[in-house]
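> sequence plus the predicted model coming up.
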Amino acid sequence: MLRFDIVTIFPDVFNSVLNESILKRAQQKKKVRINVHNLRDYTKDKHRKVDDRPFGGGPGMVMGPEPIFRTIQKVKGRRKASVLLMTPSGKPFTQKIAKRLSKEKNLIIICGHYEGVDDRVRQHLVDESISIGDYVLTGGEVPAMVIVDSVTRLIPGVLGKDASLKDESFEHQRLEYPQYTRPANFNGIKVPNVLLSGNHQSIKNWRERQSQARTKKIRPDLLK
């Protein structure tokens, strides 16, 4: 079982996401355990303060190191765990990274906020800084949800026996081929005949060509 520990100042935002659909079932089947920790619970001042003004000046506030170090030490205990920091300055998150993380036993995810996190956290506490894209969000909560979702679905048994992950987008550096379902004719828009032919080899060849063409058009960088 993979255990996630998420450290955030907005724990309530995870309630609906973690208790619906596949993530809910994965927890029920004991494939994953997901704990959400309120960073403010690990502060020592009466105002439960987690941030302060940046040294050197500048706009906004920076999340301080003390409550984060205290939280991670308490949550981690004596367990071996990989600590991830969600930040726009981290390495781009990929399917390859998701696969690697799905083999871990313990993952601790820190949700950054404000103008960022005191860099001593990154230098001395974090194993890996991760970004989910070249854009800035209001905080690390949504990226943390992305990590939990994408990693959980790769754990054997989570998606069920009939699930096939080998043909999905980003497998073999390709995007997935187009998918269709009933009706075969919708408002005059027809499903490609080959998919109705019953010829499995022809269907396989068509899907491979479509995958290649779609990748070349939308994500040519993957072909490099």
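Sure, I can see it. Numbers count the residues shown, from 1 in each chain.
> tell me which helix or strand the spatially most central residue of the chain sits in.
Here the mean C-alpha position of the chain is nearest to the C-alpha of I147 (CA atoms, centre = their mean), at a distance of 1.6 Å. Secondary structure assigned from DSSP states H and E places I147 in helix 141-152.
> got the contact list for the residue nearest to the centre of the chain?
When contacts are counted by CB atoms under 8 Å, 6 or more residues apart in numbering, I147 is found next to 84, 86, 93, 98, 101, 107, 109, 130, 132. From N, CA and C alone the C-beta is placed, and that goes for glycine too.
> try 7 Å
For I147, the contact set (CB atoms under 7 Å, 6 or more residues apart in numbering) comprises 84, 93, 109, 130.
> list the contacts for the last one?
Yep, that's I130 we're talking about. 84, 86, 90-91, 93, 147 are the contacts of I130 under CB under 7 Å, 6+ apart.
> likewise the third one?
Contact partners of I109, counting by CB under 7 Å, 6+ apart, are 4, 6-7, 84, 86, 144, 147.
> which of these has the most neighbours?
The residue in the contacts of I109 with the most neighbours, by other CB atoms under 10 Å, is M86 (29 neighbours).
> go ahead and confirm that one touches A144.
Yes. M86 is within contact range of A144, at 5.5 Å (criterion: CB atoms under 7 Å).
> identify the contacts common to these two.
109, 111.
> which residues does stretch 49-62 contact?
9, 39-40, 43, 63-64, 67, 114-118.
> just the contacts of I109: which are in helices?
Judged by DSSP state H, the contacts of I109 include 144, 147 as members of helices.
> which among the contacts of I109 gets closest to Q73?
V7 (11.5 Å; CB to CB).
> contacts only, for that closest one.
V7 neighbours (CB under 7 Å, 6+ apart): 37, 39, 71, 108-111.
> for G139, see how far away Y42 is.
Distance of Y42 to G139, given as CB to CB, to the nearest Å: 18 Å.
> tell me where this structure has helices.
Residue ranges of the helices in the chain, as given by DSSP H, are 15-18, 21-28, 65-76, 95-101, 119-124, 141-152, 200-218, 220-223.
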